[in-house]
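In: predicted structure and sequence below. I'll ask about it afterward.
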There are 2 protein chains.
Amino acid sequence: MDSPLVPFGSPPTERADAARNREVLLCTARAMIAELGADHVTMDGLAERAGLGKGTVFRRFGTRAGIFRALLDAEEQRFQCQVLSGPPPLGPGGDPVDRLIAYGRARTRFLLERHDIARAAFERKGPVPPAVGPNFSRPHIRMLLGQAALGLPDPDTLSLQLASALEGPALLFLVADQPPGGQPPGGQPAGCGENDLGTLLADGWQTLVERIARR
Amino acid sequence: MDSPLVPFGSPPTERADAARNREVLLCTARAMIAELGADHVTMDGLAERAGLGKGTVFRRFGTRAGIFRALLDAEEQRFQCQVLSGPPPLGPGGDPVDRLIAYGRARTRFLLERHDIARAAFERKGPVPPAVGPNFSRPHIRMLLGQAALGLPDPDTLSLQLASALEGPALLFLVADQPPGGQPPGGQPAGCGENDLGTLLADGWQTLVERIARR
DNA sequence: GACGTAAACGGACTTTACCCCGTTTCTCTC
DNA sequence: GAGAGAAACGGGGTAAAGTCCGTTTACGTC
């Protein structure tokens, strides 16, 4: 006896109320982040404001970081699309080194704009943070490094270190430094000052890549 | 009336019992880390085992991460000595590029050996983690980059990114992955497997620096 | 449309970092 | 050695993450 109809959805398919609640929670979380700042969002607060039990929130996302991961994932989807099937130099088709540079520029911007969420997506103890950090960057860099056919002895390790150079500054060594005594809530997304930290990091990345690719 | 005797110690000098308790706490912390693993050390547990009040622990170190920072600081002292006044190639006097390579190798090793403590030294919300991350590496790299007189457009940003490439893998993208179901406590310090991750990272760093310095 | 099952829900409970403030102890001066 | 003042101590209290388990609800079957 084989199952008569299983339209799509690889795992056992999610129940309707579960899916709806996931959406509600995601939306509520987005609203609360915009309103209070990412690190003033608590699980109790989120549950209450969403009109759901705390158990539900944890069932859905596992941990606090899980919510931010989910949020990031959704946005990352679009970013990855541009990288995987958009026009060059970011998308496929161009010179690998140019793609590497374009990728770093785009990624830097992406991370800075979502800096607080990305930081909140880290687990404090768990083994690895899936879907954050170099989990996307590293293999992509690895691939481009391979295509560029520079004579690198160990592209696997190199790609880890380059991913770290790219994402580290935004993810951990940077901070949404509100001016001492400033107001914690709303405001612009951070990392968008007129000093243009984004430009500095993007240019730095380009220098790095050009030097490494130089023959 | 000027103060009659103030032997040394720039700030108002620490009270004797405070200093003693600091030592007790540090020792107890070291013991507990060795015994339980860094992230099974709780503030209550530490206070109790040290025979002190919880309030004392927090007064001394501010936050949980503060304890691990203090522990790391103590060891870092010796490391910094070697870098600042030891023999070349690590210490001063040699070719800046060689020093850069030697520094990265030594630092990689240092971090991998203390990987769990270094991770625990991160604050979960506070602005920056003083005395962890590139707070030492970055300026040192910056200096060597300057001495090497490569024609880099923005050594300040570059040094941040290189510090991130150096410390990131050990600090956040790596995990003391005990084999699934393995015992959490004792054992060797992690990062010392025979696959020699340390060697891979050190070699990767060297490649990176050599490529950047190549003229 | 009633039924059975598995999944989802909810909120009380536990754990842990961190705060507060009355009490104790050190240290300096006379 | 006694007294004053400041620093350190202690532990109960709060907030927030994460767990557990009895109850409810969706969905497929008859």
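Out: All right, it came through fine.

In: show residues contacting stretch A:207-215.
Out: Outside stretch A:207-215, the residues that touch it by Cβ atoms under 8 Å, 6 or more residues apart in numbering or on different chains are A:97, A:100-101, A:104, A:148, A:150, A:162, A:165, B:152-154, B:158, B:161, B:208, B:211-212, B:214. The way it works is simple: take the backbone N, C-alpha and C, and place the C-beta from them, glycine included.

In: let's see which of those residues end up in helices.
Out: In this view, the contacts of stretch A:207-215 that belong to helices under DSSP state H are A:97, A:100-101, A:104, A:148, A:162, A:165, B:158, B:161, B:208, B:211-212.

In: between the residues you listed, which is nearest B:Phe110?
Out: For the ones in helices among the contacts of stretch A:207-215, the residue nearest B:Phe110 by Cβ to Cβ is B:Leu208; the value is 17.9 Å.

In: now the closest one: how far from DNA strand C?
Out: Here B:Leu208 is placed at a distance of 35 Å from DNA strand C (Cβ to the nearest atom of the strand, to the nearest Å).

In: what does A:Ala31 give?
Out: Using Cβ to the nearest atom of the strand, one obtains 18 Å as the distance from A:Ala31 to DNA strand C.

In: that residue: which element?
Out: Element membership for A:Ala31 (DSSP states H and E) is helix A:16-36.

In: what packs against that helix?
Out: Using 3 or more Cβ pairs under 8 Å, 6 or more residues apart in numbering or on different chains; DSSP states H and E as the contact definition, the elements that helix A:16-36 packs against are helix A:43-50, helix A:54-61, helix A:64-85.

In: do that helix and DNA strand D meet?
Out: Yes: using Cβ under 7 Å from any atom of the strand, a contact is recorded between helix A:16-36 and DNA strand D, made by A:16-17.

In: now that helix: buried residues?
Out: Neighbour-count burial for helix A:16-36, counted by 16 or more other Cβ atoms under 10 Å in any protein chain shown, picks out A:21, A:24-26, A:28-29, A:32-33.

In: want to throw the residues you listed into TSV with distance to A:Thr56?
Out: Listed next are the buried residues of helix A:16-36 as TSV, based on distance: Cβ to Cβ, whole Å:
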residue	distance to A:Thr56
A:Asn21	6
A:Val24	10
A:Leu25	8
A:Leu26	13
A:Thr28	12
A:Ala29	13
A:Met32	16
A:Ile33	19
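
In: out of the residues you listed, which comes closest to DNA strand D?
Out: Closest approach between the buried residues of helix A:16-36 and DNA strand D, by Cβ to the nearest atom of the strand: A:Asn21, at 10.1 Å.

In: the residue lying closest to A:Gly45 once chain neighbours are set aside and A:Gly66: what is the separation?
Out: Among residues not flanking A:Gly45 along the chain, A:Met32 sits closest, at 6.9 Å (Cβ to Cβ, 6 or more residues apart in numbering or on different chains). Distance, A:Met32 to A:Gly66, by Cβ to Cβ, to the nearest Å: 15 Å.

In: how many residues are close by the nearest residue to A:Ala65 once chain neighbours are set aside?
Out: The spatially closest residue to A:Ala65, leaving aside those adjacent along the chain, is A:Glu123, at 4.8 Å (Cβ to Cβ, 6+ apart). Counted with other Cβ atoms under 10 Å in any protein chain shown, the neighbours of A:Glu123 add up to 17.

In: close enough to count as contact, A:Glu123 and A:Gly62?
Out: No: A:Glu123 is not in contact with A:Gly62 according to Cβ atoms under 8 Å; the separation is 9.4 Å.

In: need the helices and strands packed on helix A:16-36 in JSON lines with distance to DNA strand C and mean pLDDT, can you?
Out: As requested, those are arranged in JSON lines below (distance: least, Cβ to the nearest atom of the strand, whole Å; pLDDT from 0 to 100):
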{"stretch": "helix A:43-50", "distance to DNA strand C": "8", "mean pLDDT": "97"}
{"stretch": "helix A:54-61", "distance to DNA strand C": "2", "mean pLDDT": "96"}
{"stretch": "helix A:64-85", "distance to DNA strand C": "13", "mean pLDDT": "93"}
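
In: can I get these in CSV with distance to DNA strand D and mean neighbour count?
Out: As requested, the helices and strands packed on helix A:16-36 are exported to CSV (distance: least, Cβ to the nearest atom of the strand, whole Å; neighbours: other Cβ atoms under 10 Å in any protein chain shown):
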stretch, distance to DNA strand D, mean neighbour count
helix A:43-50, 3, 16
helix A:54-61, 4, 16
helix A:64-85, 4, 17
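
In: can you list those in CSV and add distance to B:Phe58?
Out: Supplementary listing: those in CSV, determined by distance: least, Cβ to Cβ, whole Å:
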stretch, distance to B:Phe58
helix A:43-50, 24
helix A:54-61, 28
helix A:64-85, 23
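
In: rewinding a little: distance check, the residue nearest to A:Ala65 against B:Gln206.
Out: Counting by Cβ to Cβ, the separation of A:Glu123 from B:Gln206 is 31 Å.

In: of all the ones in helices among the contacts of stretch A:207-215, which comes closest to DNA strand D?
Out: Where these are concerned, and distances follow Cβ to the nearest atom of the strand, DNA strand D has its nearest neighbour in A:Ala165, at 28.5 Å.

In: so which bits of chain A are right by chain B?
Out: For chain A, the residues found near chain B under the criterion Cβ under 8 Å from any Cβ of the partner chain are A:39, A:122, A:124-125, A:127-128, A:133-134, A:152-154, A:157-158, A:160-169, A:171-173, A:175, A:177, A:200-201, A:203-205, A:207-208, A:211-212, A:214.

In: tell me the buried residues within those residues.
Out: Of the members of the residues of chain A next to chain B, the ones counted as buried by neighbours, 16+ other Cβ under 10 Å, are A:39, A:122, A:133-134, A:152, A:157-158, A:160-169, A:171-173, A:175, A:200-201, A:203-205, A:207-208, A:211-212.

In: my guess is A:Gly91 contacts A:Cys81, does it?
Out: No: the criterion here is Cβ under 8 Å, and A:Gly91 misses it with A:Cys81 at 9.1 Å.

In: distance of A:Thr96 relative to A:Gln147?
Out: Not Thr; residue A:96 is Pro. Here A:Pro96 is placed at a distance of 4 Å from A:Gln147 (Cβ to Cβ).

In: and those two? Which one has more around it.
Out: The neighbour comparison of A:Pro96 against A:Gln147 (other Cβ under 10 Å) goes to A:Pro96, with 18 against 14.

In: and A:Phe68, what does it touch?
Out: Shown here is A:Phe68, whose contacts under the criterion Cβ under 8 Å, 6+ apart are A:29, A:38, A:117-118, A:120-121.

In: just the ones of those in helices?
Out: Of the contacts of A:Phe68, the ones assigned to helices by DSSP H are A:29, A:117-118, A:120.
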